[in-house]
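Chemist: Have a look; sequence and predicted model below, questions after that.
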Amino acid sequence: MGQRRYTFDFDTTLRADADKVEKEALNAATQNSDVSKDPAPFVRVTKIDSSADALAWRIFYWAAPTKAIEVKTTSAIIEHIKRALF
């Protein structure tokens, strides 16, 4: 069936521990059995908005190219990040 790259964005405050945010986001993706290990997921900062006290992040991961997998994996990763950081 192949794989598709998925991304989604999330924000933290500028005061958030960037190393912890990256670690937890990667843990969320790599611990999900539907997310491919090769290529490996990765996380990047996409924007610093000092006026809104926000740091924008984007997570990239690969999984089967179906809407059901997209919804399932994105939801699970978001929930993991939320529990770990907020």
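Modeler: Everything's here; your move. Numbering: from 1, shown residues only.
Chemist: Okay, buried residues for stretch 72-86 please.
Modeler: Buried residues in stretch 72-86, counted by 16 or more other C-beta atoms under 10 Å: Thr73, Thr74, Ala76, Ile77, His80, Ile81. In this view, the C-beta of every residue, glycine as well, is placed from N, C-alpha and C.
Chemist: could you redo these as JSON lines and give each row pLDDT?
Modeler: Below are the buried residues of stretch 72-86 laid out as JSON lines (pLDDT from 0 to 100):
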{"residue": "Thr73", "pLDDT": "97"}
{"residue": "Thr74", "pLDDT": "96"}
{"residue": "Ala76", "pLDDT": "97"}
{"residue": "Ile77", "pLDDT": "96"}
{"residue": "His80", "pLDDT": "95"}
{"residue": "Ile81", "pLDDT": "94"}
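Chemist: And those residues, which is closest to Val45?
Modeler: Ile81 (14.5 Å; C-beta to C-beta).
Chemist: if we can go back for a sec, can you list which of the buried residues of stretch 72-86 are found in helices?
Modeler: Thr73, Thr74, Ala76, Ile77, His80, Ile81 (DSSP state H).
Chemist: can you tell me which two in those are farthest apart?
Modeler: Across those, the longest distance by C-beta to C-beta is 12.5 Å; it joins Thr73 and Ile81.
Chemist: Export only the CA atoms of stretch 18-37, formatted as CSV.
Modeler: The C-alpha trace of stretch 18-37 is given here as CSV (Å, rounded to 0.1, in the frame of the first residue of the first chain):
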residue,chain,number,x,y,z
ALA,A,18,12.1,23.1,23.8
ASP,A,19,14.1,19.9,24.4
LYS,A,20,11.2,18.3,26.4
VAL,A,21,8.6,19.4,23.7
GLU,A,22,10.7,17.8,21.0
LYS,A,23,11.3,14.6,23.0
GLU,A,24,7.6,14.2,23.9
ALA,A,25,6.4,14.8,20.4
LEU,A,26,8.9,12.3,19.0
ASN,A,27,8.0,9.8,21.7
ALA,A,28,4.3,10.2,20.8
ALA,A,29,5.0,9.4,17.2
THR,A,30,7.5,6.6,17.6
GLN,A,31,5.4,4.8,20.2
ASN,A,32,2.5,4.7,17.8
SER,A,33,2.4,1.3,16.0
ASP,A,34,0.8,2.8,12.9
VAL,A,35,3.7,5.3,12.4
SER,A,36,6.5,4.1,10.2
LYS,A,37,10.0,3.7,11.7
